[in-house]
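A.B. asks: sequence first, predicted model second:
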Amino acid sequence: MNLSHVPKDTKVKIVAIQAQAVLKKRLASLGVSVGKEVKVLETTIQKNTIKLGIGLGSVALRLDEAKSIDVEVCV
């Protein structure tokens, strides 16, 4: 499943990032990397932006960026 399909208030673990090196580097600088647990905090009404909680901070990603991140739900 990719990050764009995760419902609000769901905690997930990032298992893979299917993106070009430039985007992977930018995501890593924001704390979004393989093995990290993140929580989907909000999505916009049009579902074109997703807000993630990472540790004590948060990051907003575009839908196309979220589609490139494969995740699994944490139990």
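C.D. replies: Here it is on my side, so go on.
A.B. asks: could you find the closest non-adjacent residue to residue 68?
C.D. replies: residue 19 (4.2 Å; CB to CB, 6 or more residues apart in numbering). In this view, the C-beta of every residue, glycine as well, is placed from N, C-alpha and C.
A.B. asks: you'd agree that neighbour is up against residue 67?
C.D. replies: No - taking contacts as CB atoms under 8 Å, residue 19 lies outside contact range of residue 67: 9.4 Å.
A.B. asks: got the contact list for the residue nearest to residue 68?
C.D. replies: The contact partners of residue 19, by CB atoms under 8 Å, 6 or more residues apart in numbering, come to 27, 65, 68-69.
A.B. asks: most neighbours out of the residues you listed, which is it?
C.D. replies: residue 69 (27 neighbours; other CB atoms under 10 Å).
A.B. asks: pLDDT value on that residue, please?
C.D. replies: We have a pLDDT of 96 for residue 69.
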